[in-house]
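# sequence and computational prediction follow.
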Amino acid sequence: MIRIAMSVAAAGLLRELLRRGGVNRNRILLTEFRSTDWQSLTFIGEQHRIRLRIPAPDSAEIAASLVNGLEDAELSLPGHLVADLALAGELERNADGSISMTLEALTVEN
């Protein structure tokens, strides 16, 4: 297994998103994960762009579990808050029955 280096906030965010899917984590494939430092006058954090692919069968149901209510989701990230989380664009239905999606998030240290 290949492990990519990611911050505590990024790793926690990915873990919570996989949990939202409600299935074994090997059913949701991480295809891209980018994090960049972010700060305002009063907060320090990271912006995240996450690309996921869900293979068939049941890709539509798993994708729905991930994205339904996403903007209002309460995610538990030790030492961080999820200030913003949303689906970027539309779900993409692929020819093989899989679904791809891009999520964008902002995490801030608390």
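Everything's here; your move.

# before we move on, which element is the closest residue to Thr107 other than its chain neighbours in?
Once flanking residues are discounted, Thr107 sits nearest to Ala9: 4.2 Å by CB to CB, 6 or more residues apart in numbering. Where C-beta positions appear, they are placed from N, C-alpha and C, glycine not excepted. Using DSSP states H and E, Ala9 sits within helix 8-20.

# residues contacting Thr31?
Counting by CB atoms under 8 Å, 6 or more residues apart in numbering, Thr31 makes contact with 51-53, 100.

# the same query, at a cut-off of 6 Å, please.
By CB atoms under 6 Å, 6 or more residues apart in numbering, the contact list for Thr31 reads 51, 53.

# what's the pLDDT at it?
Looking at Thr31, its pLDDT reads 95.

# that one and Leu103, how far apart?
Separation of Thr31 from Leu103 (CB to CB, to the nearest Å): 12 Å.

# for Asn68, same thing?
For Asn68, the distance to Leu103 (CB to CB) stands at 13 Å.
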